[in-house]
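K.L.:
pasting a predicted model and its sequence here:
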Amino acid sequence: MFRNLGLILVAIVLLSIVWFFVKGKVSRTHEQVRERALEGGFGRAMTSGPATKHLAMMGRTLTLGADPQRTGELIAHVAGADDRVTAVRPEEGALVVEIDGSRPLVRAHLRPDRTVIGVDEMSWEMGFPQGAQVWNRVVDALTESAGKQGIAVSEGAREFVRADRPSDGAEVWVVRS
């Protein structure tokens, strides 16, 4: 009985060691295949449709027709409620909303008669702009909350271009001027 148990334990240990090395080799191979696909036309073809959709989401802007204090409080409350929004901090004449710690960079420009909020810059990694779904959720929630409070809301769009300055290996995209 103990002999059979010992053989089973030895088999488990050996299989674990083999699995560790096989898993590492598969992960490296998968990474190499993904990099080759992205370098070639195949990867771009696979990601172009979804990337275009995400880029359109990132370009959404809102203009809130109310005083800056009221809209600032609304933005801080609504954006701060999302789990992936890591900070809402004041800046001179604006509020900065940080998604996932740094990018995309969302700025709400607080003007005396209205507030315009939108993505100012974003990172592009693995074929997609990062944070698009989070920004889309925040925009939808802001639109709904502002409507409930009787604040006039209009939606706009921005276009982006690739910036010349890379950040931490990721492409940075900024608003087209």
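P.N.:
The structure has been received and is ready for your questions.
K.L.:
the closest residue to Q149 other than its chain neighbours and Q130, how far apart?
P.N.:
Nearest residue to Q149, sequence neighbours excluded (Cβ to Cβ, 6 or more residues apart in numbering): L74, at 6.9 Å. Placement of C-beta: from N, CA and C, glycine included. The gap separating L74 from Q130 is 25 Å, by Cβ to Cβ, to the nearest Å.
K.L.:
ditto for E98
P.N.:
From E98 to Q130 the distance is 13 Å (Cβ to Cβ).
K.L.:
one more: H77?
P.N.:
Separation of H77 from Q130 (Cβ to Cβ): 24 Å.
K.L.:
ok, the two, which is more surrounded?
P.N.:
Higher neighbour count among H77 and Q130: Q130, with 20 against 13, using other Cβ atoms under 10 Å.
K.L.:
so who does that one touch?
P.N.:
Taking Cβ atoms under 8 Å, 6 or more residues apart in numbering, we find Q130 in contact with D100, R103, P104, M122, S123, W124, A170.
K.L.:
contacts for the strand ranked longest in the chain, please.
P.N.:
Using DSSP state E to define each element, the chain has its longest strand at strand 115-125. Contacting residues not belonging to strand 115-125 are listed as 58-64, 66, 68, 71-72, 75, 95, 97, 102-109, 129-131, 135, 142, 156, 158, 160, 162-163, 167, 170-175 [Cβ under 8 Å, 6+ apart].
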